[in-house]
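Participant: Just a sequence and a predicted model for now, questions to come.
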Amino acid sequence: MISKSLTYDKFRFGQVIDDDVLKDTFRMRYEVYVEEFGFEDRADHPGGLETDEYEKESIHFACLNETDSVVGTIRLVRHSDKGFPIEHATTLSLPGKKPEPDKIGEISRLTVTKDLRRRKEDGMYGVESYLKKKEGGILPDDGTIPKEMAGRTNPIIVLGLYQVMLHESLRQGLTHWYMITEKKLFYALKKYGFLFHQIGEPVQYHGERVPYFADIHELLVNLKHTDAGMYDLMLTGLEEEYRPDI
């Protein structure tokens, strides 16, 4: 089961609140991180589940298809005495004063099932084909984008996962996000108005990864000014009491 779910066509997005669904997210992560890309050692993940020491400190989100199978995952790591994963991966240089740790969440373990990536050249996030140019614009969509996003060419699973994660971040009173990822995901998010700032040098961490930081309020202000339609869509379904005053 997932809570406070949002539905786009055949996909449902929400926070994972069921042990069976949580195991399915770990299973899908295993298929991507271990079997497909080889980022993790098979021997470290017995039982075909990809997990680490931060699972209990994390809020997990999933995208389910029409048969309730997990086809996309993301998690938000909360602060604990373990610190954040990004802090153990590289040296960070934050702009301005660092927020209180309990106001930060680290975005990680974004995965999209291989079957739903748009083209064979898409990597684990399925965003490569959305960044390619053709006759002055990005490649046309293949018809799978739901009517709620008609006229757009969006990586629906990635954006749906970010939407429910944004909602829960606002409910939890978080003000900032950490993220360490490939540049192509950063550029894809930037394309859709999600403003992140680089806060360190690239490191080898599941391939070359770059550390980023986002002020959630600044991100939403930028999103509203650059794409009001996307801003409204990202806040659709969020309770009025948690909607930002922008």
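Facilitator: Alright, I've got the coordinates.

Participant: contacts, neighbours, all on C-alpha from now
Facilitator: Will do.

Participant: tally of neighbours for Glu168?
Facilitator: Neighbour count of Glu168, defined by other C-alpha atoms under 10 Å: 20.

Participant: for Gly105, same thing?
Facilitator: A count of nearby residues for Gly105, using other C-alpha under 10 Å, gives 23.

Participant: right, and it touches Gly173 too?
Facilitator: No. The pair Gly105 / Gly173 is not scored as a contact, 10.3 Å apart, by C-alpha atoms under 8 Å.

Participant: Could I get the buried residue list for the helix or strand hosting Asp232?
Facilitator: Using DSSP states H and E, Asp232 falls within helix 228-235. Neighbour-count burial for helix 228-235, counted by 16 or more other C-alpha atoms under 10 Å, picks out Met230, Tyr231, Met234, Leu235.

Participant: likewise stretch 237-246?
Facilitator: For stretch 237-246, by 16+ other C-alpha under 10 Å, it's Gly237, Leu238.

Participant: Also stretch 62-81?
Facilitator: In stretch 62-81, counting by 16+ other C-alpha under 10 Å, buried: 62-65, 70-79.

Participant: Next one: Tyr212 from Ser108, what distance?
Facilitator: 12 Å (C-alpha to C-alpha, to the nearest Å).

Participant: more crowded one of these two?
Facilitator: Legend: neighbour count by other C-alpha under 10 Å for Tyr212 and Ser108, higher for Tyr212 (25 against 19).

Participant: Would you agree the more buried one falls within a strand?
Facilitator: Yes. Counting by DSSP: H, G, I helix; E, B strand; the rest coil, Tyr212 falls inside a strand.

Participant: which one is it nearest to, not counting chain neighbours?
Facilitator: Nearest residue to Tyr212, sequence neighbours excluded (C-alpha to C-alpha, 6 or more residues apart in numbering): Gln198, at 4.4 Å.

Participant: quick one, strands of the chain?
Facilitator: Assigned by DSSP state E, the chain shows strands spanning 2-8, 11-16, 58-64, 70-78, 104-112, 133-134, 137-138, 176-181, 197-198, 203-204, 208-215.

Participant: Now do the last one: which elements does it pack against?
Facilitator: Just to be clear, that refers to strand 208-215. Packing contacts for strand 208-215, counted by 3 or more C-alpha pairs under 8 Å, 6 or more residues apart in numbering; DSSP states H and E, involve strand 176-181, strand 197-198.

Participant: 10 Å instead, please
Facilitator: Counting contacts by 3 or more C-alpha pairs under 10 Å, 6 or more residues apart in numbering; DSSP states H and E, strand 208-215 packs against helix 85-89, strand 104-112, strand 176-181, helix 183-191, strand 197-198, strand 203-204.

Participant: export the ones you listed to a markdown table and tack on mean pLDDT?
Facilitator: Below are the helices and strands packed on strand 208-215 laid out as a markdown table (pLDDT from 0 to 100):
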| stretch | mean pLDDT |
| --- | --- |
| helix 85-89 | 94 |
| strand 104-112 | 95 |
| strand 176-181 | 97 |
| helix 183-191 | 87 |
| strand 197-198 | 96 |
| strand 203-204 | 90 |
